[in-house]
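Asks: fold the following and give me the result.
(one chain, ligands or ions: 2)
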Amino acid sequence: MQLFAKSALAFLTLFVGLTKAQINGTGNLFYFVPSTGACGFTNSPDQYVAIVSGDVFNSYPGATDDPNYNPICEHNLTVTCMHRHSFELTIELELTVTSDKGTEVSAQIVDYYTSSPDNNVGLSSAAFKVFGRPLGEISDVTWDIV
Ligand SMILES: *[C@@H]1O[C@H](CO)[C@@H](O)[C@H](O)[C@H]1NC(C)=O
Ligand SMILES: *[C@@H]1O[C@H](CO)[C@@H](O)[C@H](O)[C@H]1NC(C)=O
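Replies: Ligands and ions are numbered 1, 2, ... in the order given. You can find the predicted model right below:
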């Protein structure tokens with residue numbers, strides 16, 4: 001019984017190690033309701049926490065088949081959202097708009113999803129609300145694992 005478990009573990013570790021890491025991207029932002037995630041932490045919606053795709057999570061350098069020990073769990077996801085009305089504002093507020101880098105939110109990665117394309121990312125509602133949009137989906141955000 002124990003021998004079988006050990007060889008299965010070695011095989012999974014090898015498999016995970018073959019995938020290439022993705023540490024940044026552009027995709028849609030959604031919000032999620034955190035509870036106990038793949039990292040093993042228990043969080044609530046009023047905390048700033050983040051979720052990435054299963055591929056991003058499991059290809060992170062140092063990942064093994066035990067998600068609780070994935071080094072990604074010690075990192076934040078920084079999400080940047082460009083301001084929606086920047087084009088309309090260009091004529092009157094040119095100086096302000098050209099220096100506007102958008103709103104940035106950083107939150108600890110605690111879990112992964114399997115139900116959405118790989119380049120999407122999620123934030124808890126408290127972190128999502130920093131963008132000043134109703135809870136839902138925001139398209140074309142950029143993200144970085146920091
Ligand atoms: C995204 O990550 C790649 C390495 O995977 C790096 O070469 C590239 O410069 C990064 N892009 C940005 C915008 O940070
Ligand atoms: C990670 O996110 C938390 C919550 O927003 C923040 O307090 C912390 O400063 C961030 N750490 C880094 C290294 O970005």
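Asks: around ligand 1, pick out the residues from this protein.
Replies: By the criterion of C-beta under 6 Å from any ligand atom, the positions of the chain lying close to ligand 1 are 23-24, 144. (Glycine included, C-beta is placed from N, CA and C.)
Asks: mind listing the helices for the protein?
Replies: Using DSSP state H, the helices of the chain run over residues 2-17, 54-58, 86-89, 94-98, 125-128.
Asks: output the contacting helices and strands for the last one.
Replies: Secondary structure elements in contact with helix 125-128, counted by 3 or more C-beta pairs under 8 Å, 6 or more residues apart in numbering; DSSP states H and E, are strand 24-32, strand 103-113.
Asks: need the winner for burial among the ones you listed.
Replies: Compared across these, strand 103-113 shows the largest average neighbour count, a mean of 20 (mean count of other C-beta atoms under 10 Å).
Asks: quick one: that one near ligand 2?
Replies: Yes - Strand 103-113 comes into contact with ligand 2 when judged by C-beta under 6 Å from any ligand atom, the residues involved being 106-108.
Asks: and which of these is nearest His75?
Replies: Using C-beta to C-beta, the shortest approach to His75 within those belongs to Gln108, at 7.5 Å.
Asks: ok, that closest one to ligand 1 distance?
Replies: Computed as C-beta to the nearest ligand atom, to the nearest Å, the Gln108 to ligand 1 distance reads 19 Å.
Asks: just to check, that residue is in contact with Gly37?
Replies: No - applying C-beta atoms under 8 Å, one finds Gln108 not in contact with Gly37, separated by 10.1 Å.
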